[in-house]
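Enquirer: structure, please.
(one chain, ligands or ions: 1)
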Amino acid sequence: MNLESSLITWIQKKSGKLSSAVKLGIGDDCAVVKFSGDLIFTKDSLVEGTHFKWGYQTLFQLGRKALAVNLSDVAAMGGVPLYALVELGIPKKFSQEKIKEIYRGIFFEAKTQATTIIGGNIVTSACFWISITLIGKSAKHFVTRSGARSHDLIGVAGYLGLATAGLHSIKRGLKGYGVLKKAYQKPCVLVGVGSVLAQKRWVHAMIDVSDGFLKDLNHVCCQSKLGAQIEITNLSIHPQLSLWAKKNNKNVFHALLSGGEDYALLFTFPSKHLKNIHKLLKNNGILFNVLGEITPKKGLFLTQKGKPHPLPKCLGYDHFS
Ligand SMILES: [Mg+2]
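Expert: Purely as a prediction, here's the structure:
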């Protein structure tokens, strides 16, 4: 038995009991699943040096996060995750034990969202990367980025700015800031929230905030051919984030508006449903803020206590910069 086949046997055992819809899982040339209805597909990758650095998280956390970023995209469509295909690019000297630890993280995250790993691939590569294809089931009404309407309110579920501050704290070896570091290393994805919102036809547009609030809001505005007006003081600031900003001489609004990897959900809806949204989210313990309004005039406009506030030069994380 060579290295790869013993590893595949281990992965197959770890993938656990298959749901009845999976006719064939890991181990053959293809997986086979039964389905009816609309399927949704997404794929996201974490590349060493580009999306993460060794030492900023454990191998287990890296595995969890590789799946979580995909789960967040499914949440943004209001879908329910079902199956995942996992592909790893492994440098030659990478040990089998390290690969297993990454897989343990992937399986852990998969279990929290009832997602089955049905296949994948391991290849040798000059640098390390993980790429996951996630297949989900669409809700009756899937929510896109392009459906926003003029005068919709812009809501955000979840905190912003924590992960970027967490990454800074980890890089600098700062003591404390547990909430911020956790937000970076173990992002909490709002799969349940996304599907609850998608059940409401009046939730017009949705996106997960992965690259920074302004950058992702800009995607919604461009694809909906509209603009947005944001009052930045409407953003909830986590007490650890304000402490971090104060002690490290950082602009808290920069972290809130342009920091990436928070995996909050940004969505738009008519103001007459504000009470319903509050009921759906706030009463279930999900932090929720209305930050502004979709405008017929294109472009992003920021205010701070009603006075114009300049748009930051960099709206968010750019993978190609
Ligand atoms: Mg996304």
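
Enquirer: where exactly do the strands run in this structure?
Expert: For the chain, applying DSSP state E gives strands covering 22-24, 32-33, 39-47, 80-90, 116-124, 129-137, 153-157, 205-209, 227-231, 264-269, 288-295, 299-304, 307-309.

Enquirer: what packs against the fourth one?
Expert: The reference is to strand 80-90. helix 59-76, helix 96-112, strand 116-124, strand 129-137, helix 191-198 (3 or more CB pairs under 8 Å, 6 or more residues apart in numbering; DSSP states H and E). Heads up, the C-betas are built off the backbone N, CA and C, glycines and all.

Enquirer: can you tell which of the strands of the chain is closest to the ion?
Expert: Each of the strands of the chain was scored for nearness to the ion using CB to the ion, and the closest is strand 205-209 (4.4 Å).

Enquirer: so what's the closest residue to Ile106 other than its chain neighbours up against?
Expert: Across the structure, with CB to CB, 6 or more residues apart in numbering as the measure, the residue nearest Ile106 apart from its sequence neighbours is Gly63 (4.2 Å). With contact set as CB atoms under 8 Å, 6 or more residues apart in numbering, Gly63 has these partners: 101-109, 130.

Enquirer: for the closest residue to Lys182 other than its chain neighbours, the count of nearby residues, please.
Expert: Once its chain neighbours are removed from consideration, Lys182 has its nearest residue in Gly166; the separation is 7.0 Å (CB to CB, 6+ apart). Here the number of neighbours of Gly166 (other CB atoms under 10 Å) works out to 29.

Enquirer: who touches the residue of the stretch 51-200 of the chain found nearest the ion in this structure?
Expert: Distances from the stretch 51-200 of the chain to the ion, computed as CB to the ion, single out Asp73 as the nearest residue at 4.4 Å. For Asp73, the contact set (CB under 8 Å, 6+ apart) comprises 42, 44, 134, 208, 210.

Enquirer: so which of these reach the ion?
Expert: Intersecting the contacts of Asp73 with the surroundings of the ion, defined as CB under 5 Å from the ion, gives 208, 210.

Enquirer: tell me which of the contacts of Asp73 is nearest to Gly89?
Expert: Asp44 (14.3 Å; CB to CB).

Enquirer: beta-bridge partners for that closest one, please?
Expert: Going by DSSP bridges, Asp44 is paired in beta bridges with Ile132.

Enquirer: now Met206
Expert: Going by DSSP bridges, Met206 is paired in beta bridges with Phe267.

Enquirer: next up, the contacts around it.
Expert: By CB under 8 Å, 6+ apart, Met206 lies in contact with 76-78, 143-145, 194, 197-198, 265-268.

Enquirer: gap between stretch 42-59 and the chain center?
Expert: Relative to the mean C-alpha coordinate of its chain, stretch 42-59 is positioned 14 Å out (CA atoms, centre = their mean, to the nearest Å).

Enquirer: endpoint to endpoint, that stretch covers what distance?
Expert: Between the start and the finish of stretch 42-59 there is a gap of 23 Å, counting by CA to CA, to the nearest Å.

Enquirer: how about that stretch: buried residues?
Expert: 42, 44-46, 48, 51-52, 57, 59 (16 or more other CB atoms under 10 Å).

Enquirer: just checking, Asp262 touches Pro187?
Expert: Yes. With contact defined as CB atoms under 8 Å, Asp262 counts as touching Pro187 (7.5 Å).

Enquirer: these two: which has the busier surroundings?
Expert: For Asp262 versus Pro187, neighbours defined as other CB under 10 Å are more numerous around Asp262 (29 against 25).
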